[in-house]
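Student: Just a sequence and a predicted model for now, questions to come.
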Amino acid sequence: MATRSADSPTLLDARSAPPGGLAAFWSRLNIDGPLFVALILVAAFGLVVLYSAVGENMRLWTNQLVRLLVAVVAMLVMAQFSPDFLRRWTPWGYAAGVVLLVLVLITGDVGQGARRWLDLGVRFQPSEVMKLAVPMLAAWYLHDREIPPSLKSLAVLAVIIVVPTVLIARQPDLGTSLLIAAAGIIVIILAGLPIRLMLGLAVAAVPGAFVLWQFMQDYQRQRVLTLLNPDSDPLGAGYNIIQSKIAIGSGGLFGKGWTNGSQAQLEFLPERDTDFIFAVVAEELGLLGVLVLLSLYMFIVARGLFIAATAQDTYSRLLAGSVSLTFFVYVFVNTAMVTGLLPVVGIPLPLVSFGGTSMVTLLAGFGILMAIHSHRKLLPR
Amino acid sequence: MDLLAPIKDHHSERRLFIGRIVLSAFIASLLLGTVVARLVQLQVFDHEYFAERSQGNRVRIEAVPPIRGLILDRRGRVLAENYPAYQLELIPEQVADLDDTLRRLAAADLIDAADIPRLTEAAAAGLRFRPVTLNPRLEDAEIARFAVQRPRFPGVDFKPRLVRYYPHGQAVAHAVGYVGALTTEDLESVEASRYAGTSQGGQTGVEASYEFELHGYAGYRHLVTNARGRQIATDTSDVLDTLPPDQPPAPGENVYTTLDLDLQLLASRLLEGRRGAVVAMDPWNGDLLALVSAPSFDPNLFSVGMSPDEYRAMLDNPDNPLFNRAVVGIYPPGSTIKPMLALAALETGATNLTRKSICRGFFTLPNNTHRYRDWKPEGHGAVDIIDAIAESCDVYFYEIANEIGIDNMHRYLDEFGLGRKTDVDLKRESEGLVPSTAWKRERFRGRDPSEQRWYQGETVIASIGQGYMLATPLQLAVAAATMATRGERYRPRLVAAFENPLTGERRMLGSERVGRVSIDNSFYWDSIVQAMVDVLHGDRGTAREAGIDADYPMAGKSGTSQVFSVAQEEEYNEEELEERLHDHALFISFAPVDDPQIAVAVIVENGSSGSRVAAPIARAIMDEYLGYGDEKR
């Protein structure tokens, strides 16, 4: 079973440190120290940038700080559940999520042309629940089945992934639905989906993309076309990308200084506090600031993958791997979109963009990661 | 653990999983590398390009219109200036309930309720932070009324703006002109950079003729703006320091006119309630001392903006106040041309100073029964050419008319500046008409030859300034001035100098002699000038009442020109005629006779009598100008 290999990097393993005051404190709270510190650093970085991006609006900034605290609490709570407990409750969570999604489609609140919100005393987006529920159920299903998965398993997994994906895509919320699909697919890939099959699916994706194009809304198609040639409509659909590139490029190596980004402060940059906040980082703090942020992100991903690698059962390692890699997908899709490498999809920069719901889900996911790491059973070497 | 799943091979599963983790980490690194490479491309290699584009994004160049030059009279008194007027503005983004605000403003009588739909539309159409003008012209009382109620109208305020202001409005309106909104065509014909930010330009008068000098050059300044073009209030000196410096506007030059404000005011007062014109001129340089057309209008209405009703009233006024009678109005000159014709007659030998003729009150051409009447039905008796001018005997001129001949009349009257443009520095001017045989042939080209032919009878009526003959008051003033200078004709002008408002440096315009009457015999000149003196000071002079008690000798000639023809055998009865059918009253004059300093032409439409109506006006103008004004008034 899972034993700690001698070559595992001690830097990433809190438990390899001699039991001292601090480490003991972390472990009693079931907190993974390195992950916690890195997450808090990113969140702090985010708050600093956000202060500038909301135009030094203290009300909005405090709002975000409160949400962050709520999200940290959610993370700490999640860290206390043992993976076995979570696994047992996984199917119920998933089922509840699907029910909520159906409810949203029937009775949800409409915001910005989409039906995403549900008001059950607390207003929230049920799609957020599915961001965790889908990889959890996929991992749950594979937990005591043959690895790599059989064709029958793959068919079941496909259903697990497709149902919420379609429900969310119908809201419509293409960005979230794709991310949820990605979280599920990552589980399958980590479970050992044959490389040949993956390549086959990639080839099949070409006609699939064509079919997808047929189902896309006009605004979604426009985003893809705009990516290919943003200057075709500089004041319309291409405006965001052009202004974002100007912001990033004009930032240079060291940036224009915090709260001094003219693109951001003079509102040339659209969505400066949400989806395009990465451009504010690049404009005001320069390439240097961006690299610091990306390094923190990469540390978090690496630490997550380490936790996955050292997890002790199938459910835990698949879930931990999925949470970590999904986090990477967020970072990558957002930065690639803001720098004009990918079409504009509404995906925030994790822990930095303004907005609360996704932050709670995100940190809850990392809470699970911590739970997985701290609830390992100590086995003799 | 997982004892119930014996088929699972935990070691191989873990190996497989670690392999997948490593693969994922590898792919993730590649993807992240792509993003980092992209960032390096944008932030390092293309940095300069994007830095420039971001600069261009926030810096906007705004035109700063120049301050228009002042228009001054010959002694530096202001005729046109720039005056801060207050307008009521509304900033849409600061108004919570637009409809309610407008309704309450209308209730407070600060805006016209009829304007509300238009204003609502204007407020909705523009940018939210750009002010909408609610009322372009706030009266003092309205400003006071608004000031006390201001807290009730958030987002509404009054703003000063520079408006062209004519302190002597009506009295100088036709000479100074006015500024008005530039049309799209106007803007196409001017240098765009010069006029950036300017919305008004000179439309008539000096304002139009010297638009170039008055306007100046627009400057520009750099503004740091946000994406919606709104200027940023915070300190932006760091940005502005990196830009080329702002260019301040070059103000327009102050224009010194030749006008004498006192004369201008006096002339417009004398013409009050009448239709007519007064033109006074310095005979030795063409300086126009007064140029008044009545009725006049308030030029301030054009610069500040007037309601459509006010404008329509002005256009529909049958007296046509916008029409500049002094320069564009054409009238039969009547007897005012007699001194010029007399000179021509002497020069061509058509008569001499001793020839007398017996005036019986009418004249007939040989072999024709048509009677050409004298204005005095019983006739003047025996008159020589001097009497014929002083008493304005028509018959004497009828008799010599065909001996002078129409073409000689044309030649000499042309030398006095009649029938040709004076080239005064105004945009519009009428040419008038002095007929000739060539003119008639040309005018009726293609018609029956009998219509193209010049008839003796036409020469007869031309000799008293009727028939085809037409002149503007300005032309008559030029002719009077040419009499005064004994043949030297100057181009009339309204502007003599420009002044740079910053340095006070002046630029003088030279006067321009444009012609000389080809009559060199000074005895002829002396005699005819004496005849004109007799008009005012002689026992039988037609305008002797106007010459009574003059402190200086004046020379003049009255004219009473027919608006319509009186049929044969019919008597002209003033009382019975419609006012508008009355004869026009004209008078030309200059003074002092020995040292002429001013020449004046007066026309009063339907004034009936040149000597009784027009001459006193000329006298009053001269008194004022020559310094005898106060005791007479």
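Tutor: Here it is on my side, so go on. Numbers count the residues shown, from 1 in each chain, chains lettered A, B, ... in the order given.
Student: hey, which strand is longest across chain A?
Tutor: Assignment by DSSP state E gives strand A:114-120 as the longest strand of chain A.
Student: who's in contact with A:Asp273?
Tutor: A:Leu50, A:Ala53, A:Val54, A:Leu60, A:Val280, A:Ser353, A:Phe354 (Cβ atoms under 8 Å, 6 or more residues apart in numbering or on different chains). For glycine as for every other residue, the C-beta is placed from the backbone atoms N, C-alpha and C.
Student: Among those, which one has the most neighbours?
Tutor: If you count neighbours using other Cβ atoms under 10 Å in any protein chain shown, the busiest of the contacts of A:Asp273 is A:Val280, which has 32 neighbours.
Student: what kind of secondary structure is that residue in?
Tutor: Here A:Val280 is helix, with the state taken from DSSP: H, G, I helix; E, B strand; the rest coil.
Student: Who are the contact partners of it?
Tutor: Applying Cβ under 8 Å, 6+ apart to A:Val280 gives the contacts A:Val49, A:Ser52, A:Ala53, A:Ala247, A:Gly261, A:Ala264, A:Leu269, A:Arg272, A:Asp273.
Student: per-residue pLDDT, it?
Tutor: Looking at A:Val280, its pLDDT is 93.
Student: repeat for the one 3 residues further on
Tutor: The per-residue pLDDT reported for A:Glu283 equals 93.
Student: Could I get the full set of strands for the stretch 151-300 of chain A?
Tutor: For the stretch 151-300 of chain A, strands defined by DSSP state E, counting those that start in this stretch do not occur.
Student: can you list the residues of it near chain B?
Tutor: Residues of the stretch 151-300 of chain A found near chain B (Cβ under 8 Å from any Cβ of the partner chain) are A:186, A:189-192, A:243, A:245-253, A:262-263, A:265-268, A:282, A:286-287, A:290-291, A:294, A:298.
Student: Report the buried members of these.
Tutor: Buried by 16 or more other Cβ atoms under 10 Å in any protein chain shown: A:186, A:189-192, A:243, A:245-252, A:262-263, A:265-268, A:282, A:286-287, A:290, A:294, A:298, out of those.
Student: Which two among the contacts of A:Asp273 are spaced furthest apart?
Tutor: Farthest pair in those (Cβ to Cβ) is A:Leu60 and A:Val280. Separation: 13.9 Å.
Student: mind listing what residue 187 touches?
Tutor: No chain specified, so I'll use chain A. A:Val187 sits in contact with A:Pro135, A:Ala138, A:Ala139, A:Leu142, A:Leu157, A:Leu318, A:Leu319, A:Gly321, A:Ser322, where contact means Cβ under 8 Å, 6+ apart.
Student: nope, chain B please
Tutor: When contacts are counted by Cβ under 8 Å, 6+ apart, B:Leu187 touches B:Tyr195.
Student: show me where pLDDT drops low in chain A?
Tutor: Applying pLDDT under 70 to chain A flags residues A:1-20, A:109-114, A:121-123, A:226-237, A:356, A:378-381.
Student: Relative to chain A, how far out is the nearest residue to B:Thr204 once chain neighbours are set aside?
Tutor: Distance criterion Cβ to Cβ, 6 or more residues apart in numbering or on different chains; nearest residue to B:Thr204, sequence neighbours excluded, is B:Gly177 at 3.7 Å. According to Cβ to the nearest Cβ, to the nearest Å, B:Gly177 and chain A sit 44 Å apart.
Student: residue contacts, the residue of the stretch 301-450 of chain B found nearest chain A?
Tutor: Proximity to chain A, evaluated over the stretch 301-450 of chain B using Cβ to the nearest Cβ, is greatest for B:Gly305 at 34.5 Å. Neighbouring residues of B:Gly305 by Cβ under 8 Å, 6+ apart: B:Pro136, B:Arg137.
Student: The most centrally placed residue in chain A: what secondary structure?
Tutor: Centroid-nearest residue in chain A, with Cα atoms, centre = their mean: A:Phe327, separated by 3.7 Å. Under three-state DSSP, A:Phe327 falls in the helix class.
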